[in-house]
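K.L.:
Next one to model:
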Amino acid sequence: MIHIAIIGAGVIGAAIAYELSLVKGLRITLIDKQVSALGSTGAALGVLMGILSRKTKGRGWKLRQTSIERYKTLISELEILTKQNIPVNHQGILMLRFAEEPIGEWENLITIRQSQGYDLEIWDQKTLNRKCPHIDNPRIIGAIYSPQDLQIDPKKLTRVLVKGASMNGVECKFGIEVKNIIYDTLKDSNLHQCYEIQTTEGNLKIDKLVIAAGLGATPLTITSSQPLDIRPVLGQALHIKLDKLPGNKDFQPVITGNDVHIVPLGNGEYWIGATVEFPDEMGEIISHPELLEKVKQQAISFCPLLQDAKVIKTWFGKRPRPQGEPAPVIRELPHYNNVLLATGHYRNGVLLAPATALAIREYWFG
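P.N.:
I've put the predicted structure just below:
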């Protein structure tokens, strides 16, 4: 029986564990130094901007399209298996349009998406005011509405993926840190083969390894001729509650503008967040309250009713952004014949998790 270890139990590692659990004849171990969904995944908002993406071809679009299609079956599949609900907003994503933005690119994108079987709509200001009367800013002249894009609760999705994988036989080891990859150099070859990983609970013999550890992936690749360079980008968010539900209670899409997301949760509660801070010259990254306040004020400028909201909590998280290559990193670890990388998804971890999992599965098992 082939033994595969997956390092990292965020949404990427959890999706890989679940997808591989559908392949017969595998022994799978999912490892994380903490409980699942506490790293980058725990700070995500789960806004899946696939159809709204400007990507139309190549790897970037193919990954998005694969995830869009897999999500159509994955959610119900997991809910039936685990008997747990995954909160999903099926009311689409509304991208605000500002006066200075040309419309031509959106018209071209709509034509392309229609040819691909997806819907996008251009709303003028009158349509926006009618459907979302709580949006009120003189610079906003309309919106692009994507009815098929989703928003998913990232923590709940990840935990259900882990539960589904576990029910399918995956062994989950949390609170265990992987310290080192142990390998042999193959005879008459420059290739390494990982046969064991060293953990804080002893060594684990394996046949194949997936590194899906986000920012933790860099130290695990140090023995490669080309170690990963993954750097943090900070995202900040807040959870608010309104006494009065703004707009139409029966139509509550995700609203996004200038990279700030307003995510309805129901019962007058919302997440507001954005990816806002890059490392300084020393590589340090610190949460600055004034930047979170700027995110909040940007959301209020879109929807003035948010001014009256009560802040329930605030949080931040570090997004893994690869240097020197496009996000995400889904490939072999150089000079290893049995180690795959699935990391560096930056702001699209939840969106691209299903496609990443399928790519890992197809690479090894067709």
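
K.L.:
Show me the beta-bridge partners of the closest residue to residue 205 other than its chain neighbours.
P.N.:
The shortest distance from residue 205 to any non-neighbouring residue, by CB to CB, 6 or more residues apart in numbering, is to residue 196 (5.2 Å). Backbone N, C-alpha and C define where each C-beta goes, glycine included. Beta bridges link residue 196 to residue 182, residue 205, judged by DSSP bridges.

K.L.:
OK, contacts around residue 196?
P.N.:
For residue 196, the contacting residues are 182, 203-206, by CB atoms under 8 Å, 6 or more residues apart in numbering.

K.L.:
now it: how far from residue 179?
P.N.:
11 Å (CB to CB, to the nearest Å).

K.L.:
just residue 90 next, same as before
P.N.:
Separation of residue 90 from residue 179 (CB to CB): 43 Å.

K.L.:
buried set for the longest helix seen in the chain?
P.N.:
Ranked by number of residues, the top helix in the chain under DSSP state H is helix 58-82. Neighbour counts over helix 58-82 (16 or more other CB atoms under 10 Å) mark 60-61, 63-68, 70-71, 74-75, 78, 82 as buried.

K.L.:
Ok, stretch 125-134 next?
P.N.:
Using 16+ other CB under 10 Å as the test for burial, stretch 125-134 gives 128, 131-132, 134.

K.L.:
Go through the contacts of residue 196 and name the one nearest residue 110.
P.N.:
residue 206 (47.3 Å; CB to CB).

K.L.:
From what I see, that closest one and residue 194 are in contact.
P.N.:
Yes: here residue 206 reaches residue 194: they are 6.8 Å apart, a contact under CB atoms under 8 Å.

K.L.:
which stretches of the stretch 1-150 of the chain form helices?
P.N.:
Secondary structure of the stretch 1-150 of the chain (DSSP state H, counting those that start in this stretch): helices at 11-21, 40-43, 58-82, 104-116, 125-131.

K.L.:
In CSV, list those helices along with distance to residue 362 and mean pLDDT.
P.N.:
Formatted as CSV, the helices of the stretch 1-150 of the chain follow (distance: least, CB to CB, whole Å; pLDDT from 0 to 100):
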stretch, distance to residue 362, mean pLDDT
helix 11-21, 10, 98
helix 40-43, 23, 86
helix 58-82, 10, 98
helix 104-116, 21, 97
helix 125-131, 41, 96
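
K.L.:
closest to residue 327 out of these?
P.N.:
With CB to CB as the criterion, residue 327 lies closest to helix 58-82 of the helices of the stretch 1-150 of the chain, at 9.3 Å.

K.L.:
which other residues reach the strand or helix carrying residue 358?
P.N.:
Secondary structure assignment for residue 358, by DSSP states H and E: helix 349-365. Helix 349-365 is contacted from outside by 10-12, 14-16, 18-20, 22-23, 40-41, 44, 46-50, 62-64, 66-67, 70-71, 74, 152, 154, 157, 208, 210, 212, 214, 319, 328, 330, 340, 342, 345, using CB under 8 Å, 6+ apart.

K.L.:
And the residues you listed, which of them are buried?
P.N.:
Using 16+ other CB under 10 Å, the buried members of the contacts of helix 349-365 are 10-12, 14-16, 18-20, 40-41, 44, 46-50, 63-64, 66-67, 70-71, 74, 152, 154, 157, 208, 210, 212, 214, 319, 328, 330, 340, 342, 345.

K.L.:
Distance from the chain centre to the helix-or-strand element of the chain with minimal mean pLDDT, please.
P.N.:
Lowest by mean pLDDT, DSSP states H and E among the helices and strands of the chain is helix 40-43, with a mean of 86. Centre-to-centre, helix 40-43 and its host chain are 8 Å apart (CA atoms, centre = their mean, to the nearest Å).

K.L.:
Stretch 107-121 now?
P.N.:
That offset, for stretch 107-121, works out to 23 Å (CA atoms, centre = their mean).

K.L.:
ok, residues contacting that stretch?
P.N.:
51-52, 54, 56, 65, 68, 106, 122, 144-148.

K.L.:
Narrow those residues to just the buried residues.
P.N.:
With burial judged by 16+ other CB under 10 Å, the buried subset of the contacts of stretch 107-121 is 51-52, 65, 68, 106, 144-146, 148.

K.L.:
In the stretch 201-350 of the chain, where is pLDDT below threshold?
P.N.:
By pLDDT under 70, the weakly predicted segments of the stretch 201-350 of the chain are 276-284.

K.L.:
Many thanks, we can stop here.
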